[in-house]
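K.L.:
Provide a 3D model corresponding to the input given below.
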Amino acid sequence: TYNTCGNGGGLSNCMGKLTCGGNLTIDHNQATNGYGGAIDQSVLFECQGNLYITNNTATGNGGGLYGHGGITMGSGKTITVKGNTSNSNGGGAYYNGNVASSSVPTTIIIDSNYAANGAGVYSSGSLYFYGNTTICRNTATSNGGGWYNPSTPTINGTLTMYDNNAVNGGGLYNNNGTFTLNNANIYHNTATTSGGGIYVAGGTVNFSAGTNTIGGSWANRNTAVNGGGIYVAGGTLKTTVATTINYNTATSNGGGLYYNAGTLTLTNPLTLSYNKASNGGGLYTAGAISIPQNKLLLTSDTATNGGGLYVSANTTTLQGIEVVKNEATNGGGIYVNDGTLNLTTATTTIGGSATNKNTATATGGGICVIGGTVNFNVAPSISYNIATDTGGGIYVGGGSVNFPVSTTISYNQSKQGGGIGMRAGTITASGALT
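P.N.:
Here you go, the predicted model:
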């Protein structure tokens, strides 16, 4: 404790193998000219007891641990990395190179650390965690409150991230590489700008196996200005298993998911439910996006405009999605402000039954079109939606709506225009409109 060095304030292990037979505490050390406030580790480090890395500081990377080599623990032991600070990256731990946390199941706790990027963990090499991992209460002054990832880590066990804070990516900021989520629980994280739970800047975030939760309840919601649950600015968001993003909040756009650029690869269904925002309670699209058939459910989301979906620019193509039980002032189900919305598969449902109705307290119970273009290239089900003022099924206040095939709009309710309410814009019906 209370040691000072250029690199590795408490311990610098550059050659050979270091073995500790019992518990080890490395506390209140400083790396004054570089990295590894507690440990600068280049080779294998073995600890048969519990390992505590606490209250250390570094002017460079790795406030607690700067690692090139692996750590082997005794079975059932715990690694605790808490209260460490880096003036750069990796407040708790900075991993650079091929690193394994242990070859036996280990509990890993990374708690209350501070850094510019990756307050909990910054992983720039191939990192392997074996055991249940908890990353909580970490604060980044820039990106990645819990974890900043530009590489391809592997977590063999559950991952829990909560109460982390950052400007972007309150829980996780993925900049490159592939971050695989298996039985992950990411909740109650905060981003002061974008991506309360996850920010995807590049690379791939893959919901790969098990049950993954982003949010989970109002008490556990992730929050941000944009993209309360997830913000996609580039790279790929992938659902190898069915995935739910629920109970997240954005004070501006995209309560569940904000899509700006990159790719959504929905191999299995994505459900956005019980999310809230000013625009796009469930999903906000600003970039060109195509959703494959029967792979998206927008349900029980809430917003001022676009309870389920808000289309702001570019082209959004929906193939067989469900938009049900959403609420907004305008556009209970969908709000189109600009760009193009293409509905291309007949199994697309907006409302569909009295129990699944979308509701608007002003205009457009099912869909509200203010600008841009909406193309009903097939005949979707737009039924049982309610608007208090105008356009129970569809409200057209600008832009253009095209019906190239015969379409039925039924059982919708409103004070004015139960099926369609129009005050501006154009409607073109090449087929029969009923």
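
K.L.:
now do the helix or strand containing residue 108: which elements does it pack against?
P.N.:
Per DSSP states H and E, residue 108 falls inside strand 107-111. For strand 107-111, the packing partners by 3 or more Cβ pairs under 8 Å, 6 or more residues apart in numbering; DSSP states H and E come out as strand 78-82, strand 133-136. Using the backbone N, CA and C atoms, a C-beta is placed for each residue, glycine as well.

K.L.:
any idea what the residue minimising distance to the centre of the chain is bridged to?
P.N.:
Closest to where the C-alpha atoms of the chain average out (Cα atoms, centre = their mean) is residue 230, at 2.4 Å. Beta-bridge partners of residue 230, counted by DSSP bridges, are residue 198, residue 257.

K.L.:
how near is it to residue 365?
P.N.:
Distance of residue 230 to residue 365, given as Cβ to Cβ, to the nearest Å: 27 Å.

K.L.:
repeat that for residue 414.
P.N.:
For residue 414, the distance to residue 365 - Cβ to Cβ - is 7 Å.

K.L.:
quick one, which of those two is more surrounded?
P.N.:
residue 365 (39 against 23; other Cβ atoms under 10 Å).

K.L.:
check contacts around that one.
P.N.:
332-333, 351, 357-359, 385-387, 391-393, 412-414 (Cβ atoms under 8 Å, 6 or more residues apart in numbering).

K.L.:
and for residue 250?
P.N.:
196, 223-228, 258, 275-278, 280, 284.

K.L.:
hmm, try it at 7 Å
P.N.:
Neighbour list for residue 250: 224, 225, 226, 227, 228, 277 [criterion: Cβ atoms under 7 Å, 6 or more residues apart in numbering].

K.L.:
and the residues you listed, which of them are in strands?
P.N.:
Under the assignment DSSP state E, the contacts of residue 250 contribute 224, 225, 226, 277 to strands.

K.L.:
was I right to think the first one contacts residue 194?
P.N.:
The reference is to residue 224. Yes - taking contacts as Cβ atoms under 7 Å, residue 224 lies within contact range of residue 194: 5.6 Å.

K.L.:
identify the contacts common to the two.
P.N.:
Joint contacts of residue 224 and residue 194 (Cβ under 7 Å, 6+ apart) are residue 231.

K.L.:
okay, these two: which has more neighbours?
P.N.:
Neighbour comparison, residue 224 and residue 194: the larger count goes to residue 224, with 34 against 29 (by other Cβ under 10 Å).

K.L.:
which SS class is residue 355?
P.N.:
With DSSP: H, G, I helix; E, B strand; the rest coil as the basis, residue 355 sits in helix.

K.L.:
before we move on, what about residue 297?
P.N.:
Three-state assignment for residue 297 (three-state DSSP): strand.

K.L.:
next, count neighbours for it.
P.N.:
20.

K.L.:
for it, name its beta-bridge partners.
P.N.:
In beta-bridge terms (that is, DSSP bridges), residue 297 pairs with residue 271, residue 322.

K.L.:
contacting residues for it?
P.N.:
By Cβ under 7 Å, 6+ apart, the neighbours of residue 297 are 269, 271, 321, 322.

K.L.:
can you list these in JSON lines and add neighbour count, distance to residue 253 and pLDDT?
P.N.:
Formatted as JSON lines, the contacts of residue 297 follow (neighbours: other Cβ atoms under 10 Å; distance: Cβ to Cβ, whole Å; pLDDT from 0 to 100):
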{"residue": "269", "neighbour count": "17", "distance to residue 253": "23", "pLDDT": "93"}
{"residue": "271", "neighbour count": "20", "distance to residue 253": "19", "pLDDT": "96"}
{"residue": "321", "neighbour count": "27", "distance to residue 253": "19", "pLDDT": "89"}
{"residue": "322", "neighbour count": "22", "distance to residue 253": "22", "pLDDT": "94"}
